[in-house]
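Peer 1: Got a predicted structure here, sequence first:
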Amino acid sequence: MTHDASEASMLFKLLGLPLSLPVAGMKFLFQQVADLADQELNDDTVVREQLLLLQLQLEEGDIDEDDFVEQEAALMLRLRDIKARKRSEIEQIPADEMPVEANVEARRRVIVETPFDDR
């Protein structure tokens with residue numbers, strides 16, 4: 001009887017391949033996008049470049065002082081968040097003690113479930 005159940009399970013999986021393979025591909029793509037987003041969130045180079053560009057825009061008169069101050073504050077906050085994430089990774093700070101803004105893992109969840117997933 002167990003033999004028949006495993007054959008039925010195998011047949012079900014084979015018949016489900018046209019659906020399960022694209023879903024597995026989508027899972028892979030979502031994971032890649034999430035990984036790239038994490039790299040972007042943890043790379044302060046981009047934020048530093050944006051700060052330099054902002055300073056240049058102010059000096060050339062493309063933005064006024066109020067816009068500069070507002071945008072600079074947002075970029076500085078992002079830099080602090082990046083530093084907090086890096087520090088927590090190094091020091092292994094528990095996620096519940098980390099500032100909410102810096103806790104990327106708590107905010108990033110990609111869950112795709114299919115009836116074809118092995119459990």
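Peer 2: Noted; the coordinates are in hand.

Peer 1: From the contact counts, what lies against whichever helix in the chain runs longest?
Peer 2: If you go by DSSP state H, the chain has its longest helix at helix 2-42. Judged by 3 or more Cβ pairs under 8 Å, 6 or more residues apart in numbering; DSSP states H and E, helix 2-42 is in contact with helix 65-91, helix 104-107. For glycine as for every other residue, the C-beta is placed from the backbone atoms N, C-alpha and C.

Peer 1: and the next element down the chain from that helix?
Peer 2: helix 44-59 (DSSP states H and E).

Peer 1: Now do the nearest residue to residue 65 once chain neighbours are set aside, the pLDDT please.
Peer 2: Leaving aside its chain neighbours, residue 65 sits nearest to residue 58 (7.2 Å; criterion: Cβ to Cβ, 6 or more residues apart in numbering). pLDDT for residue 58: 94.

Peer 1: Over to residue 118?
Peer 2: Reported pLDDT at residue 118 in the predicted model: 56.

Peer 1: any weak-confidence spans in this structure?
Peer 2: Applying pLDDT under 70 to the chain flags the ranges 1-3, 17, 19-21, 93-119.

Peer 1: and residue 49, how far is that from residue 24?
Peer 2: Applying Cβ to Cβ, to the nearest Å, the value for residue 49 to residue 24 is 36 Å.

Peer 1: now residue 83
Peer 2: From residue 83 across to residue 24, the span is 37 Å (Cβ to Cβ).

Peer 1: more neighbours, those two?
Peer 2: The neighbour comparison of residue 83 against residue 24 (other Cβ atoms under 10 Å) goes to residue 24, with 15 against 12.
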